[in-house]
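K.L.:
Got a sequence here, can you model it:
(one chain, ligands or ions: 2)
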Amino acid sequence: MDTALHMPPHRAHVLIAVKDLGRAKTRLASRLLPTQRTDLVLAMLRDTVAAARTAAAVGEITVITPDPTVVAVAEECGVGWLPDPQSPGDDPLNAVLRAAAAHPGARPGRTAVVALQGDLPCLLGSELDAALAAARNHPRAIVVDHHGTGTAALIVGEPAAGLDPRFGPDSAARHLGSGATALTGDWPGLRLDVDTAADLDAAAALGPGPATVEQLRRIGWHSGAAPTRKFT
Ligand SMILES: Nc1nc2c(ncn2[C@@H]2O[C@H](COP(=O)(O)OP(=O)(O)OP(=O)(O)O)[C@@H](O)[C@H]2O)c(=O)[nH]1
Ligand SMILES: C=C(OP(=O)(O)O)C(=O)O
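P.N.:
Ligands and ions are numbered 1, 2, ... in the order given. Prediction:
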C-alpha cells in the first residue's frame, strides 16, 4: 500500500543522502582509521534516523545511498531507501536529492519534504518537530548549521515550491539567496552536523545518541567534559 497517499498533508517525508562509505568523512581521516570512520558514519546515521522517527510530524524517512552497508542499516532502522541515480553528474548530492524528491513516492504535493543531514548524532525528535512547525509558515526554509555556513535541513512545505537543493560549500547562503527562509530556533542537536574533529568534540560535549556514544567509546574519543545535555 502507498502509505504516503494516506498521510495527513502536514506529515513530512525526510530524505537523508549518504554517500559511499569508502569516500565518507574525509575531514576526519587524520584522526580516525577508515573502519572507525565508517562505523562512526553508520552510528550517526542510526541516531539521526532514530531521532527523526520519534518526531510526530515525520511520516516517512528515505535514505538515498549507493552503499549496500548503508542500505542494510536503513532496513534495520525500519526506514526506506533509494539507490543513487545512475548519472548524478558533477553535483551528486544535490542530484540525488532532486531525484528523490521527484520520486513518485515522495508525494511533495501532499507532504512536506525535508532534506536532512545524516550526521546529526545529537538530534532530538522534538527539535525536528519544532522546525517543521516553524517551516509551515514558509514555502521553503532551512535550518542553518552550527557553523552558520552550512545547511542542516532544507524543508519545503508547499506543493508549488520545489526542493531546489543547493547543498555544498556555503549552502546556507546559497539556499537563502535562492529564496529560502532561515528558521530561528534553539535546536542545538539539529544544527550540529559532524564533519571535523572539532564537530565531534562538540557533539560529545552536547550529548549524542546511544549508537554514537558507543562508537565514541570504542574509538576512545574523549571530549574532556561530561555531556551538557542528557540525551532523551
Ligand atoms: N547518496 C549520496 N549522498 C551523498 C553524496 N555526496 C554526499 N552525500 C552525503 O551528503 C552529506 C554531505 O556530504 P559531504 O560533506 O560531501 O561528505 P561527508 O562524508 O559528510 O564529509 P567529507 O568527506 O569530509 O566532505 C553526507 O551525509 C554525505 O554522505 C552522493 O553522491 N550520494
Ligand atoms: C553539504 C553540507 O554540509 P557538510 O559539508 O558540512 O556536510 C552543507 O551544509 O551543505
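K.L.:
Just give the nearest non-adjacent residue to residue 97, would you?
P.N.:
residue 165 (4.2 Å; CB to CB, 6 or more residues apart in numbering). Every C-beta, even on glycine, is put in place using the N, C-alpha and C of the backbone.
K.L.:
Closest residue of this structure to ligand 2?
P.N.:
Closest approach between the chain and ligand 2, counting by CB to the nearest ligand atom: residue 150, at 2.6 Å.
K.L.:
From residue 22, how far out is the residue lying closest to that residue once chain neighbours are set aside?
P.N.:
Spatially, and ignoring its direct neighbours in sequence, residue 150 is nearest to residue 171 (5.5 Å; CB to CB, 6+ apart). Computed as CB to CB, to the nearest Å, the residue 171 to residue 22 distance reads 24 Å.
K.L.:
residue boundaries of the strands in the chain?
P.N.:
Using DSSP state E, the strands of the chain run over residues 12-17, 58-64, 80-82, 113-116, 140-144, 151-156, 181-182.
K.L.:
Could you dump those strands into JSON lines and include mean neighbour count, distance to residue 96 and mean pLDDT?
P.N.:
Formatted as JSON lines, the strands of the chain follow (neighbours: other CB atoms under 10 Å; distance: least, CB to CB, whole Å; pLDDT from 0 to 100):
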{"stretch": "strand 12-17", "mean neighbour count": "26", "distance to residue 96": "5", "mean pLDDT": "95"}
{"stretch": "strand 58-64", "mean neighbour count": "22", "distance to residue 96": "5", "mean pLDDT": "95"}
{"stretch": "strand 80-82", "mean neighbour count": "18", "distance to residue 96": "8", "mean pLDDT": "96"}
{"stretch": "strand 113-116", "mean neighbour count": "27", "distance to residue 96": "10", "mean pLDDT": "96"}
{"stretch": "strand 140-144", "mean neighbour count": "24", "distance to residue 96": "18", "mean pLDDT": "97"}
{"stretch": "strand 151-156", "mean neighbour count": "26", "distance to residue 96": "13", "mean pLDDT": "97"}
{"stretch": "strand 181-182", "mean neighbour count": "16", "distance to residue 96": "24", "mean pLDDT": "98"}
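K.L.:
okay, these in JSON lines with distance to residue 213 next?
P.N.:
Converted to JSON lines, the strands of the chain look like this (distance: least, CB to CB, whole Å):
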{"stretch": "strand 12-17", "distance to residue 213": "20"}
{"stretch": "strand 58-64", "distance to residue 213": "21"}
{"stretch": "strand 80-82", "distance to residue 213": "25"}
{"stretch": "strand 113-116", "distance to residue 213": "21"}
{"stretch": "strand 140-144", "distance to residue 213": "23"}
{"stretch": "strand 151-156", "distance to residue 213": "20"}
{"stretch": "strand 181-182", "distance to residue 213": "30"}
